[in-house]
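Asker: 3D, please:
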Amino acid sequence: MKKSIFLGLAASLLSGAAYAHPGHDLQTGFASGFLHPMTGWDHMLVMLSLGIWAARRPAQQGWQLPVLFVAVMAAFAVLAMVWLPMSLAEVLVAASVLVMGGLLLAKVELSKWAQFSLVGLVAAVHGYVHGVELGQSWSSLVGMVLATGTLHGLGWMLGRQQQPWLKATTQLLGGMMMGLGAYWLLA
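Answerer: Modelled structure (predicted):
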């Protein structure tokens, strides 16, 4: 009971706007693109959690997940930059935060192809949403891709740690992400 109350309060305090992806000015170049994943809760949480989750996969497939994410995200960002925006973007981003939080909490084993499909879908959503914001700022895209890889790497390092307190912290992060994702979906 206390854990549920804490998670609910934390999600409320951290949420800020009722949108999963509040607008950021990504059309001002490389630095803006690089800083966006570090300052947007949706992007930062999903990137860190993906790195942590991937680090816990078997060695032969774990590293492939962040690489797949960055490639699919960049491809869908380019698609959005040259095509039309998507109307369900906010809902899909909120759902991706919820799903990645669930993956941190769950101790469920997914097949390699299920993992690739899930990561590809989350990457496509984030890439498309961010691509819509980028407009025609290709340097912002480069910055965003590099920052995304950096966050994956940080998450990977955290996920490889064996300290019990750090494992408990990632469980807490997963719970907070589920609460935040659910809040964004309902708001």
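
Asker: helix or strand right after the helix or strand of the chain with the lowest mean pLDDT?
Answerer: Least confident helix or strand, the chain: helix 2-15 with a mean of 45, by mean pLDDT, DSSP states H and E. Using DSSP states H and E, the helix or strand that follows helix 2-15 in sequence is helix 30-39.

Asker: got the buried residues for that next one?
Answerer: Within helix 30-39, the residues that count as buried by 16 or more other Cβ atoms under 10 Å are 30, 32-37. C-beta here means a position set from N, CA and C on the backbone, and glycine is covered the same way.

Asker: how many other residues sit next to Trp187?
Answerer: Trp isn't right for residue 187; it's Ala. For Ala187, the tally of surrounding residues (other Cβ atoms under 10 Å) stands at 12.

Asker: Ala95 too?
Answerer: Ala95 has 19 nearby residues by other Cβ under 10 Å.

Asker: would you agree it is in contact with Gly181?
Answerer: Yes - taking contacts as Cβ atoms under 8 Å, Ala95 lies within contact range of Gly181: 6.6 Å.

Asker: contacts only, for the most centrally placed residue in the chain.
Answerer: Note on the chain: the residue nearest the mean C-alpha position is Val46, at 1.9 Å, using Cα atoms, centre = their mean. When contacts are counted by Cβ atoms under 8 Å, 6 or more residues apart in numbering, Val46 touches 96-97, 100, 122, 126.

Asker: switch to 10 Å and redo it
Answerer: When contacts are counted by Cβ atoms under 10 Å, 6 or more residues apart in numbering, Val46 touches 37, 40, 69, 93, 96-97, 99-101, 122-123, 125-126, 148, 151-152, 155, 177, 181.

Asker: the residues you listed in helices, which ones?
Answerer: Using DSSP state H, the subset of the contacts of Val46 located in helices is 37, 69, 93, 96-97, 99-101, 122-123, 125-126, 148, 151-152, 155, 177, 181.

Asker: give me the PyMOL select line for the residues you listed, limited to the buried ones.
Answerer: Only the buried members of the ones in helices among the contacts of Val46 enter the following PyMOL selection, criterion being 16+ other Cβ under 10 Å:
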select buried, resi 37+69+93+96+97+99+100+101+122+123+125+126+148+151+152+155+177+181
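
Asker: residue ranges with poor pLDDT in the chain?
Answerer: 1-27, 84-88 (pLDDT under 70).

Asker: how much space separates Val97 from Gly135?
Answerer: 24 Å (Cβ to Cβ, to the nearest Å).

Asker: swap that for Pro37, sorry
Answerer: 17 Å.

Asker: can you check Val119 too?
Answerer: 26 Å.

Asker: now Pro66, what's its secondary structure?
Answerer: Put simply, Pro66 is helix when judged by DSSP: H, G, I helix; E, B strand; the rest coil.

Asker: contacting residues for it?
Answerer: Taking Cβ under 10 Å, 6+ apart, one finds 47, 50-51, 53-55, 119, 123, 148-149, 151-153, 155-156 in contact with Pro66.
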